[in-house]
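Trainee: turn this into a structure:
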Amino acid sequence: MLIKTKLVLGVKKLSLIQYQQFHTSKILTSRITEMAKTAGIIIIGDEILKGQTQDTNSHFFAKNLRSYGVKVARISVIPDEIPVIVEEVRKFSGQYDFVLTSGGIGPTHDDMTFEGIAKAFDDKTEFNQELVDKCKVWFKKDDLKDPCFKLACLPTTAKLNYGFDLASGKPMLYPLVSVQNVYIFPGIPQLLERAFRNLGPTLFKTDFQFITGESFIDKDEISLTNRINELVELYPSTSFGSYPSLVNQFYKTRITYETTSQQDLNSIEEHIRQKMPVVAFDKSPEENSWQKIEAFKVGSQDEEFRKNLQESLDIIQDCFKRYTPEEVSVCYNGGKDCIVMLHLVHAYFKANYPESKLKSLYIKEKNTYAEVETFIKESVIKYKLENMTISLPMKQALAEHLQKDPLIKATVLGTRIGDPGSQYQEAFSPTDGDWPKIMRVNPILHWRYQDVWTFLRGLSIPYPSLYDQGYTSLGNPDNTEPNPSLRYTDKDGVVRYHPAYKLTDGSLERQGRKPKQKM
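Mentor: Okay, the predicted model is just below:
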């Protein structure tokens, strides 16, 4: 939320309703944005209003327009109804420098955007011969009554904006249509984003630049109120925002600031560092991760950690010298050790094979934690893994994995000394006996428990929420419970558990594992 020029909180404790009222009342109009060009976004589609489709286009527009120095002043979602389109377009066109619409320009009966925008400017629609010719080629049709030609029926005053496709380097096949200051984008996100990226710098980029920063604080928002008030008073021309987080694993409050000079920005950042417990948080740890890991290693004061991390990097590099990217898979189960392994392998993989997808295998047990299942799905998306999930015992799952993908010759594991069977493992250990033939690669074999948390916490790498509830070694719900070494009783007499990274004695890591029942 944005914060007023003065923020006053007269009581130390608020009820939930009072807090929500206080929370949503922080509004600031800043002279910073008065210097920027403005934009209004109109999302057109009954399917959005009915909850049948989730709108991602407005977020994409807002984020990217801001990078061009354009302030999004309003976002509107309206139905596929011509009178509503006419009213909204007229209003937005008169109020903002740019108007961007999304949706309603296809060939079906409910695609009415071109007609609505024409009427908004007292215009009419007619076939545009240039687009008619293109449609004849694309659709191999000649009858103008065919629905496909609706794509070529534009306001008479429409302008066709062409550019070069950045992906192919070739001229765009279909133009972005505009009428005066209204730019008419398709509703399909992939097409919209492609058109914006190709034409955005030409159509919307300005000389204005927002000077912004943000700090992540390990303290709740209510406790920070007086200090935020002090900031607002010291920098009255700066727009501040304060955003509490109840679920983030690394910080409790995010403070944003938008100012008129780089000097002010630097001063604000220093003031916050001096007055508040700032956390070094990375919102995208998987991006440029190899460089970040190298920098983190150099900056560490723990010699043993640096040695173990360097050994891991060497093993991973050696793995990809021995095997091609198509021959390597990671065995990933969402546990803390596997997260470290995956992040390390992915970092090297993306630095060296940016156009390829890392292969992964998830061997799913019968009974699993819902939190871990969700986390694994998120990991597959975030790391763009080519994942295979198999619900079989380990040996059979590995055999099926290799049968489905016979190119794989090596699998990277998150095994550490202390895990069952780890005493027989080395950095490169081929399977033996009647196991499927594959090379097991163990890059973090010698990592200590504290190394794992130094790495995850230091690089802002997310992990399943169970670790924040006192679990230190995850099996399944039948054999795992919070580690008793982390148990404590709070001031109200409630038994709670410290998070896993608070465990100082790594030898107690598996204390939360229940012993197997004797038959």
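Trainee: buried sites along the longest helix anywhere in the chain?
Mentor: Selection of the longest helix in the chain by residue count, based on DSSP state H, yields helix 303-322. Counting neighbours by 16 or more other Cβ atoms under 10 Å, one finds that the buried residues in helix 303-322 are 305-306, 308-309, 311-313, 315-316, 319-320. Using the backbone N, CA and C atoms, a C-beta is placed for each residue, glycine as well.
Trainee: which is the next helix or strand following that helix?
Mentor: The helix or strand immediately downstream of helix 303-322 is strand 328-331, counting by DSSP states H and E.
Trainee: could you give the mean pLDDT of that following strand?
Mentor: The predicted model gives strand 328-331 an average pLDDT of 98.
Trainee: give me the contacts around that strand.
Mentor: Outside of strand 328-331, the residues within contact range by Cβ atoms under 8 Å, 6 or more residues apart in numbering are 319-320, 338, 341-342, 345, 358-361, 363, 385, 401, 405, 408-414, 441.
Trainee: now stretch 101-114
Mentor: Contacting residues not belonging to stretch 101-114 are listed as 41-46, 48, 57-58, 61, 80-82, 85, 89, 116-117, 125, 147-151, 153-155, 158, 177, 182-187, 192 [Cβ under 8 Å, 6+ apart].
Trainee: next step: these restricted to helices.
Mentor: For the contacts of stretch 101-114, membership in helices holds for 46, 48, 57-58, 61, 82, 85, 89, 116-117, 192, with DSSP H as the criterion.
Trainee: state the pair within the residues you listed that is farthest apart.
Mentor: Taking every pair in the ones in helices among the contacts of stretch 101-114 and measuring Cβ to Cβ, the maximum separation is 22.9 Å, between F61 and I82.
Trainee: so the two - more neighbours on which side?
Mentor: Here F61 and I82 are compared on neighbour count by other Cβ atoms under 10 Å; more neighbours surround F61, at 26 against 16.
Trainee: and the more buried one, what does it touch?
Mentor: By Cβ under 8 Å, 6+ apart, the contact set of F61 is 39, 41, 72, 100, 102, 196.
Trainee: go through the residues you listed and name the one nearest V298.
Mentor: For V298, the closest of the contacts of F61 turns out to be F196, at 38.5 Å, with distances computed as Cβ to Cβ.
Trainee: ok, E386 - contacts?
Mentor: With contacts defined as Cβ under 8 Å, 6+ apart, the neighbours of E386 are 357-360.
Trainee: what about the strands in the stretch 201-350 of the chain?
Mentor: Under the criterion DSSP state E, counting those that start in this stretch, strands of the stretch 201-350 of the chain are mapped to 211-217, 239-244, 253-259, 278-279, 328-331.
Trainee: cool, and the stretch 351-500 of the chain?
Mentor: Per DSSP E, counting those that start in this stretch, the stretch 351-500 of the chain carries strands over the ranges 359-363, 386-390, 410-412, 428-430, 439-441, 487-489, 495-497.
Trainee: dump these to CSV, plus mean pLDDT and distance to L459.
Mentor: As requested, the strands of the stretch 351-500 of the chain are arranged in CSV below (pLDDT from 0 to 100; distance: least, Cβ to Cβ, whole Å):
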stretch, mean pLDDT, distance to L459
strand 359-363, 98, 20
strand 386-390, 97, 22
strand 410-412, 98, 18
strand 428-430, 97, 26
strand 439-441, 98, 21
strand 487-489, 97, 28
strand 495-497, 96, 24
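Trainee: among those strands, which is nearest I376?
Mentor: From these, taking Cβ to Cβ, the stretch that ends up closest is strand 359-363, at 5.9 Å.
Trainee: just give me how far that closest one sits from the chain centre.
Mentor: Relative to the mean C-alpha coordinate of its chain, strand 359-363 is positioned 22 Å out (Cα atoms, centre = their mean, to the nearest Å).
Trainee: same for it, what does it pack against?
Mentor: Based on contacts counted as 3 or more Cβ pairs under 8 Å, 6 or more residues apart in numbering; DSSP states H and E, the elements that strand 359-363 packs against are strand 328-331, strand 386-390, helix 394-404.
Trainee: ranking those by burial, who's on top?
Mentor: With neighbours taken as mean count of other Cβ atoms under 10 Å, the helices and strands packed on strand 359-363 reach their highest mean count in strand 328-331, at a mean of 25.
Trainee: note down every partner strand of that strand and its orientation.
Mentor: Strand pairing for strand 328-331, using DSSP bridges, gives strand 359-363 (parallel), strand 410-412 (parallel).
Trainee: export the helices and strands packed on strand 359-363 to a markdown table and tack on distance to T374?
Mentor: Below are those laid out as a markdown table (distance: least, Cβ to Cβ, whole Å):
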| stretch | distance to T374 |
| --- | --- |
| strand 328-331 | 19 |
| strand 386-390 | 14 |
| helix 394-404 | 21 |
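Trainee: and those: which comes nearest T53?
Mentor: In this view, the helices and strands packed on strand 359-363 are compared for proximity to T53 by Cβ to Cβ, and strand 386-390 is the closest at 26.0 Å.
Trainee: so K437 sits against I408, correct?
Mentor: No: because the distance of 10.7 Å does not satisfy Cβ atoms under 8 Å, K437 is recorded as not touching I408.
Trainee: burial count for V298?
Mentor: The burial metric for V298, expressed as a neighbour count using other Cβ under 10 Å, is 8.
Trainee: correction: the previous question concerned N229.
Mentor: The local packing of N229 (other Cβ under 10 Å) involves 17 other residues.
Trainee: so how far is K275 from it?
Mentor: Noted for N229: a distance of 12 Å to K275, by Cβ to Cβ, to the nearest Å.
Trainee: repeat for F250
Mentor: Distance, F250 to K275, using Cβ to Cβ: 19 Å.
Trainee: one more: I408?
Mentor: The spacing between I408 and K275, counted by Cβ to Cβ, is 53 Å.
Trainee: so between these two, which is more surrounded?
Mentor: Between I408 and K275, counting by other Cβ under 10 Å, I408 is the more crowded of the two (21 against 15).
Trainee: so what pLDDT did that one get?
Mentor: For I408, the pLDDT comes out at 98.
Trainee: got it, and Q20?
Mentor: With respect to pLDDT, Q20 has a value of 40.
Trainee: got it, and the one 5 residues further on?
Mentor: Per-residue confidence for S25 comes out at a pLDDT of 31.
Trainee: report the buried residues of the host helix or strand of E130.
Mentor: Using DSSP H and E, E130 sits within helix 129-139. If you call a residue buried by 16+ other Cβ under 10 Å, then helix 129-139 has these buried ones: 131, 134-136.
Trainee: which pair in the residues you listed spans the largest distance?
Mentor: Based on Cβ to Cβ, the longest span within these runs between L131 and K136 and measures 9.8 Å.
Trainee: with distance to I461 added, can I get the strands of the stretch 351-500 of the chain in JSON lines?
Mentor: As requested, these are exported to JSON lines (distance: least, Cβ to Cβ, whole Å):
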{"stretch": "strand 359-363", "distance to I461": "16"}
{"stretch": "strand 386-390", "distance to I461": "18"}
{"stretch": "strand 410-412", "distance to I461": "17"}
{"stretch": "strand 428-430", "distance to I461": "25"}
{"stretch": "strand 439-441", "distance to I461": "20"}
{"stretch": "strand 487-489", "distance to I461": "26"}
{"stretch": "strand 495-497", "distance to I461": "21"}
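Trainee: in the ones in helices among the contacts of stretch 101-114, which residue is surrounded by the most others?
Mentor: Of all the ones in helices among the contacts of stretch 101-114, the highest neighbour tally under other Cβ under 10 Å goes to I117, namely 33 neighbours.
Trainee: how much space between that residue and E88?
Mentor: 10 Å.
Trainee: if we can go back for a sec, okay, the strands paired with strand 328-331 in a markdown table with mean neighbour count next?
Mentor: Output for the strands paired with strand 328-331, formatted as a markdown table (neighbours: other Cβ atoms under 10 Å):
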| stretch | mean neighbour count |
| --- | --- |
| strand 359-363 | 22 |
| strand 410-412 | 22 |
